[in-house]
Every structure is written in C-alpha cells, then in structure tokens.
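# coordinates only, sequence not included:
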C-alpha cells in the first residue's frame, strides 16, 4: 500500500502500475545530462516507441527530452520527470542540483517525479534537503515521488553494504517518497530484509555502466523473488543492440515472474 493517498495521487500511481498486481518496469532515460547521448544512432521518440511496444510500464526523462516524445506514446506509458542532475565532467560528480520543479513536471503531463540522492556524498545535506522540499511539493500537488537512493561518497568502501542500503532507503521513506529505486545487495536474503523493512515499495536499479547484461537480468530476477515492487533498468536497455528485446526479457522477469535464463 502506498502512503499519502489523495485521489489525485492514487490516480497517478495507478497510471504508473497499470498492470494491477504485476510488478513495475521502469526504463530511466535521464542519463544524457550526466554521461552524454544515450545512443550513437536512433532518435529518442523511436526508442520510447519500442519500449512501449515490448512491455515497459514507464520511462524517466528530463524535461527537455520529454518534449521530444510524441504525446501519443504516453497513452500506454507513464512519464516520470527527473528533477535534479549532475555531470561526469564536474569536479564532484556525486553532487546533485535541482534542474526543474514539480509544477513544471505537471505542465509536461507527468504522472510522477523523481529525485536522485547520493547519501554519504560531500553534498548530502543539500541533496536530502532538496528531497524533503520536493516531497512537500508532491503533497501539495498530489504527485507521486520516486527517490533514487544511492550510497556514494569519498568515505564509502561498499555502497551495496546491506546496512547502508537500508539506511538510504529509510531516508527516502521517512521524508515522504512513495517508492524508492536503489542498488540492492547481491545477497538475496539481505535484499529481502531491506525490502521488508522499507515501509515503501522498492524498485531494483539496473546497475553501473558496463554491467554484464545477463548478470543484470539475473539480479533483477533475484530482486523480484526477494519482494521488490519492480525494477528500474536503463543502461541495459538503451545500450542494447535491440532495446525491444532487452525490455521483453525484463518484462518476462517482472510481469510474468519468469526466472532469468542466462545464455
């Protein structure tokens, strides 16, 4: 059960998870600000059309990218607008700063908004404060909030340590997020404990750049077995030679609960 359920929030949450009791398959496409163009060839609208056709429930986009998608694509696809950013070129890539607002996301027709927080980073204070402000705005406008929570910073040795991941998830839940995307530990039992104690639905993040595609699929299947509400996988999809096929594989794991088969 989601928290903060006004009618408008329930309506938008229903559009995020339109498959009822099935899991949620989101494809974040907000990476271009941080790392450069998503794909060497092919336009964003065509990519989003393929994701819709092959089983994605929603996409996460920055405000400018959303304007390049045909509105008709969102008849069968939810739109989450990402509210903060950073670049790999920055002196501190773990820093995040606001780039748009909940109100602007609503003007774009968003079903939800997302905020990225790097707990343990040098700018943790500003990032958590921004998350709290956005949560307040989401309450005001009845908009679902997804917090993308990671443990990253100069003193962090293992950002997947179960106690640290659980703490990061708790931050999001305590400050008003409706759901949390995070990188989960490889240990399935530890993942189950994190999800059970979260208090809000947890989505498994796809992983770092360069992750083996089959390993990502196996980890997503393990997360679903451990009780994840779904997955949020971007790079494995948009870097694939056939993004549609990549989404079909994830859809089988998330929507059909089919065990991942590593080729």
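The structure has been received and is ready for your questions. Worth saying up front: this structure is predicted, and the values here are computed from it rather than measured. Numbering: from 1, shown residues only.
# who's in contact with the helix ranked longest in the chain?
If you go by DSSP state H, the chain has its longest helix at helix 124-141. If you take Cβ atoms under 8 Å, 6 or more residues apart in numbering as the criterion, helix 124-141 is touched by 4, 8, 83-84, 95-98, 101-103, 106, 113, 115-119, 121, 143-145, 147, 153, 171-172, 175-178. Just so you know, the C-beta spots here come from the backbone N, C-alpha and C atoms, and that holds for glycine as well.
# Spell out for me the PyMOL command that would select the buried members of those.
Of the contacts of helix 124-141, the buried ones go into a single PyMOL selection, burial set by 16 or more other Cβ atoms under 10 Å:
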select buried, resi 4+83+84+95+96+101+102+106+113+115+116+117+118+119+121+143+144+145+147+153+171+172+175+176+177+178
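# Tell me where this structure is predicted with low confidence.
Counting by pLDDT under 70, the chain shows low-confidence ranges at 1-4, 20-21, 40-42, 260-263.
# Let's see that with 90 instead.
Low-confidence segments of the chain (pLDDT under 90): 1-6, 17-22, 38-42, 207-211, 256-263.
# Now do the strands for it: every range, in order, please.
24-28, 58-61, 78-82, 84-85, 97-98, 112-119, 145-151, 179-182, 202-205, 230-232 (DSSP state E).
# which neighbours does the fourth one have in its sheet, and in what orientation?
According to DSSP bridges, strand 84-85 forms sheet pairs with strand 97-98 (antiparallel).
# try the first one
Next to strand 24-28 in the sheet, as set by DSSP bridges, lie strand 58-61 (parallel), strand 230-232 (parallel).
# what sits up against stretch 14-22?
24, 57-58, 78, 80, 111-112, 144, 230, 254-255.
# Just the helices from the protein, written as ranges.
For the chain, the helices defined by DSSP H occupy 7-16, 32-35, 44-53, 63-66, 102-107, 124-141, 162-174, 188-196, 213-225, 235-238, 243-254.
# one step back: dump the strands of the chain to JSON lines, plus distance to residue 211.
Below are the strands of the chain laid out as JSON lines (distance: least, Cβ to Cβ, whole Å):
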{"stretch": "strand 24-28", "distance to residue 211": "14"}
{"stretch": "strand 58-61", "distance to residue 211": "18"}
{"stretch": "strand 78-82", "distance to residue 211": "21"}
{"stretch": "strand 84-85", "distance to residue 211": "22"}
{"stretch": "strand 97-98", "distance to residue 211": "26"}
{"stretch": "strand 112-119", "distance to residue 211": "18"}
{"stretch": "strand 145-151", "distance to residue 211": "15"}
{"stretch": "strand 179-182", "distance to residue 211": "15"}
{"stretch": "strand 202-205", "distance to residue 211": "10"}
{"stretch": "strand 230-232", "distance to residue 211": "13"}
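# which stretch among those strands comes nearest residue 194?
Residue 194 lies closest to strand 202-205 among the strands of the chain, at 7.1 Å (Cβ to Cβ).
# Can you tell me how far residue 171 is from residue 164?
Going from residue 171 to residue 164 by Cβ to Cβ, to the nearest Å gives 11 Å.
# overlap in contacts of those two?
Common neighbours of residue 171 and residue 164 (Cβ under 8 Å, 6+ apart) are residue 119.
# just to revisit the earlier point, now the longest helix of the chain: how far from the chain's centre is it?
17 Å (Cα atoms, centre = their mean, to the nearest Å).
# list the buried ones in it?
124, 126-128, 130-131, 133-135, 137-138, 141.
# can you name the two of those residues that are farthest apart?
Within those, two members stand farthest from each other by Cβ to Cβ: 124 and 141, at 26.0 Å.
# number of nearby residues for residue 51?
By other Cβ atoms under 10 Å, the residues close to residue 51 number 25.
# Put together a markdown table for the helices of the chain, with distance to residue 202 on each row.
Shown next, in a markdown table, are the helices of the chain (distance: least, Cβ to Cβ, whole Å):
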| stretch | distance to residue 202 |
| --- | --- |
| helix 7-16 | 14 |
| helix 32-35 | 23 |
| helix 44-53 | 22 |
| helix 63-66 | 25 |
| helix 102-107 | 22 |
| helix 124-141 | 16 |
| helix 162-174 | 6 |
| helix 188-196 | 5 |
| helix 213-225 | 8 |
| helix 235-238 | 19 |
| helix 243-254 | 13 |
